[in-house]
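Trainee: Need the 3D shape of this:
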Amino acid sequence: MITTVQQKQSYKWIYHFSVSSNIFAVLTVFGALFPLFCDALGMSKTQIGFVVSILPLLYITSIFLSNWIMRCGPRRIFLRAYSVRYCILLLLPLAALVANRYGNPAVFLWVALIIFCFGVFRAIGDTAWLIWTFELISAKVRGKVDAISAMAGICGMAMASLAAIFIIKNWPGLAGFQAAMYAGVLFGFIGLACATRLPGGQAQTMERESLPLISSAMETLRNVKFRHSLLGNMFMAVTTATFVFLPLYLREQIGFSVDKIMFFSFCFQLGILFSAFFWGWSADRFGSKPVMVSAMLGWPILPFLLFMLPRMEMQSIAQTGLVYAFFGILWQGYFAGTTRYFYVDVLPTLRNPAFATSLNIAVQSVALAVCSLFHGRLLDVLQPFRHDWRFIHFDNYTALFAIMLFCCLGAIIIFRRAPADSPVWPGRFLSFFLEGNPLLAFSSIFRYHFAEDESQRVEFTGRMGDARSLLTVEELLQSAADPNFSVRYEAIVSMARMPPDAKLIDTLAAALRSREPGLSEAAVWALGRMGDRRATPVLREMLKCEYALLRSQCARALAKLNDQESVPEIIAAFKSEKNDNVRAGYAAALGRLRRQEMLPEFMALLRRLADEHLRGEVLLAIARISGSEHHLAQLWRRSRSDFETTCAEEMMDIEKKIVRGSLAMQAHRKLIAACARSFEQRDPAAAGAVRRIIGLLPPDSIDPAVRDILRECDELIARHGAGRGDYILLALNALHMAIVSLIHAERKKKL
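Mentor: Numbering: from 1, shown residues only. The predicted structure is shown next:
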């Protein structure tokens, strides 16, 4: 059994093996060079399709090999099979000599025989490798390790593509292909040496199968996840089979030389390289299905882009390079998602993972082999067909693009119906890149993980909140568990600026229940600001806690969530609370909830409060009940710089409304104008004028809440005069409401 430490230590050798193996793949039979090499030998497209189909077709043997490999040890079988396959491939470049001496039939048989022998040992070795890596790579980091392995491998492929371009230019004809293949085999042996450093893969005692092969296959196929994964990948295998002929399409129809075609392979590899870590990181964080479906949504575009490439034009080089780079991005997204889905979500649910792995790769490979042969034959049959209409060109490759399109659409439908492996669905995953600032989110995440001290962790935690992107959720959760108080506090403040998310709400709820001074109050505020009703249960729970300030903050947050069911508890807490400063918080909550029956209590509280800011909050609560919060808030802000001028302007505005409304209130107009002048001249008697205006209003025609406010303000202004500006502002706000309502009533009568 491999330990976790051994697993972590083995990853670097997996990356080294990936680099060398990918260089081998590009320079030998798995890159764009191989079909071009076969074409240069004079083989037809049907023959090329047949040769290419041999390799995947031989994977069907893996169904019969899995138990034998487990009994003999995946490590030993892998190393021996790969050694033999590299030795066999040393004979492939000799096909050039066979072609020169014996012609086409002989070279076809030579290449087919070598590929057949190579494919047998490749199938054995790859089956052993897949079983071995299931043991080597932990499910928790499968996406990350696959991503880094892909990035390392693509770096090797990119270097191999550049080397191939150099070789082909300097060794024209078949000599260039031969040199590239021998160099590729050399790197194959180097990768094999790296694989010898990997642990595990020991022989295991396997019970003899109680079920025959067909019964085991049927049992495996009854698994819903496996069935969707297999069927979707079969459709993609049909699509993948068309890629073998893309280099021939670029050479024959677009007019590119071999070195330029290798450059496009380099662009494809760059697309994989720059997207690999993102796709792997996303798969580990958000699940496999969102990643693979999101990536595959772009696949139907590829046939159109390839079909519309301009013919024999220099500008087509840049366009083709961009298409191949885009292709690489989509390919890596599909590969990262499907690989992780199979290893992390499908295999653990099966009784025999080794057999399921073999069955999966065998069925896909058979589909790939059959389609490769079919596509090659189809191209030969349709070779005479060609029709040009302006810049649109129809030829034998058009049929391949049509097949690619329909198979991509079929695969998308199947994978969308596959069982989900995370609460994030594909549409939600795509929306993450439309919400907030994803570039700032990625930058903050990267810099957060490399932060050196507390100040940097605080800074980058704050930036993650500024990004307002759910891509940063996991890092914010880490910050919320940081041992430093400042980082934890900043994390809570940043969460308040984020879109609602269940993980964030749960973390804030835990911080609230912790009752840690400072953090619990900040968590209440964050839950209220986030505005998600999933926070209601914990806020109701903490409304009964032992800390008065925390109870008051919970009441405020519940009011922001418009939780009417909590009103009786908040009213009871308001009435039982002894501290008026705390009661102001309850008043703010009840005001937001429009509890008109609490108006007398609020006016009584306003009389007792000494703090100006708390009085302002109670004033806003009273204004909310009457429906004029916005107007009072404006008055309050303007009055901070010049109280008397603000009051004078408000009286003038009320007078204008009376004139526009043709209200028969001439006495009011004169008194209001006089009151405005008094405020303008900073006359203390202006407060008395406000009382006289209140006394002239018809009480029966005014809203009861506004009438009660005016009556209370009249009494308090009589007691305090101009000494309490907050009462005057409240009275002016209520006067504004009353006169507007009277004007509306007058207009209704006229209508």
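
Trainee: contacting residues for S18?
Mentor: The neighbours of S18, taking C-beta atoms under 8 Å, 6 or more residues apart in numbering as the test, are 149-150, 152-153, 156, 191. (C-beta placed from N, C-alpha, C; glycine too.)

Trainee: quick one: pLDDT of it?
Mentor: As predicted, S18 sits at a pLDDT of 85.

Trainee: all helices in the stretch 401-550 of the chain, in order from the N-terminus.
Mentor: For the stretch 401-550 of the chain, applying DSSP state H, counting those that start in this stretch gives helices covering 426-431, 438-449, 454-467, 473-480, 485-496, 502-514, 519-530, 536-542, 548-560.

Trainee: Using CSV, lay out those together with mean pLDDT, mean neighbour count and distance to I361.
Mentor: Converted to CSV, the helices of the stretch 401-550 of the chain look like this (pLDDT from 0 to 100; neighbours: other C-beta atoms under 10 Å; distance: least, C-beta to C-beta, whole Å):
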stretch, mean pLDDT, mean neighbour count, distance to I361
helix 426-431, 84, 16, 25
helix 438-449, 87, 17, 34
helix 454-467, 90, 20, 41
helix 473-480, 90, 20, 32
helix 485-496, 92, 22, 44
helix 502-514, 90, 19, 36
helix 519-530, 90, 23, 46
helix 536-542, 91, 18, 48
helix 548-560, 90, 24, 54
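
Trainee: Need those in CSV (columns: distance to P704).
Mentor: Converted to CSV, the helices of the stretch 401-550 of the chain look like this (distance: least, C-beta to C-beta, whole Å):
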stretch, distance to P704
helix 426-431, 47
helix 438-449, 51
helix 454-467, 44
helix 473-480, 47
helix 485-496, 37
helix 502-514, 38
helix 519-530, 30
helix 536-542, 31
helix 548-560, 22
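
Trainee: closest one to R351 among those helices?
Mentor: helix 426-431 (29.7 Å; C-beta to C-beta).

Trainee: Give the other helices and strands that the helix or strand harbouring I739 contacts.
Mentor: I739 is located in helix 725-750, with elements delineated by DSSP states H and E. Applying 3 or more C-beta pairs under 8 Å, 6 or more residues apart in numbering; DSSP states H and E, we find helix 725-750 packed against helix 612-626, helix 629-639, helix 643-660, helix 686-696, helix 704-720.

Trainee: average pLDDT across it?
Mentor: Per-residue scores along helix 725-750 average to 79.

Trainee: That one to helix 629-639, inter-axis angle?
Mentor: 140 degrees (axes from the mean of the first three to the mean of the last three C-alpha atoms, to 10 degrees).

Trainee: Make 42 the starting number, not 1.
Mentor: Sounds good: first residue 42 from here, last item helix 766-791.

Trainee: hang on, the earlier thing: tell me which of the contacts of S59 fall in strands.
Mentor: If you go by DSSP state E, those have nothing in strands.

Trainee: Can you verify my assumption that C235 contacts H57?
Mentor: Yes - under the criterion of C-beta atoms under 8 Å, C235 makes contact with H57 at 4.1 Å.
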